[in-house]
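# Sequence and predicted structure below; questions after.
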Amino acid sequence: MEELPIYPFSEALHQRILSDLEILMNKERIYKDPLLSLLNLAHRLKTNTAYLSRIINDRYQVNFSTWVNRYRIEEAKKLLETREYSIEKVGQLSGFGSKSVFNKAFKLYLGTTPSNWLKNNKA
């Protein structure tokens, strides 16, 4: 019995999607959009959600939500360090749809709340 390829599409397509993902996340910072979803990202990349999900899982070893939230938390840390915005505003600017979701993701990712993190990271 013949083994199926790991990816049902070409290696060139796989590499293009990975490259485009890097650009979208690191240069365009689309993670800041609270409505970002696997579906709209797949549409933007001209692929399907199953394939995109598999690429993200294989490459980054996490699911889509965790992957996006990592970017959002890193953005939040930078914004918190500036001390220009309230914690709630930092969550919004980082792409979180609500304060509670921001707090939960922050604590899950860093093991502490944004306010405690801020207290312990005085600039």
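Perfect, I can see it now. This is a predicted model, so every value here is computed, not measured. Numbering: from 1, shown residues only.

# Mind listing residues that contact the lengthiest helix in the chain?
As assigned by DSSP state H, the longest helix anywhere in the chain is helix 64-82. If you take C-beta atoms under 8 Å, 6 or more residues apart in numbering as the criterion, helix 64-82 is touched by 25, 29, 31-32, 36, 38, 41, 52-53, 56, 60, 62, 85, 87, 90-91, 93-96, 102, 105-106, 108-110, 114, 117-118, 121, 123. Any C-beta I mention is one placed from the backbone N, CA and C, and that applies to glycine too.

# How about stretch 26-35?
Contacts for stretch 26-35 (C-beta under 8 Å, 6+ apart): 24-25, 36, 41, 68, 71-72, 75, 92-97.

# Would you list the buried entries among the residues you listed?
Buried by 16 or more other C-beta atoms under 10 Å: 24-25, 36, 41, 68, 71-72, 75, 92-96, out of the contacts of stretch 26-35.

# May I have the secondary structure class of residue 122?
coil (DSSP: H, G, I helix; E, B strand; the rest coil).

# and what of residue 35?
Residue 35 ends up coil, using three-state DSSP.

# That one and residue 97: what is the separation?
Going from residue 35 to residue 97 by C-beta to C-beta, to the nearest Å gives 8 Å.

# Report the separation between the residue nearest the centre of the chain and residue 109.
Against the mean C-alpha coordinate of the chain, by C-alpha atoms, centre = their mean, the closest residue is residue 68 at 1.3 Å. In this view, residue 68 and residue 109 are 12 Å apart by C-beta to C-beta.

# returning to that earlier point: and of the buried ones among the contacts of stretch 26-35, the nearest to residue 12?
Nearest to residue 12 among the buried ones among the contacts of stretch 26-35 is residue 24, at 18.4 Å by C-beta to C-beta.
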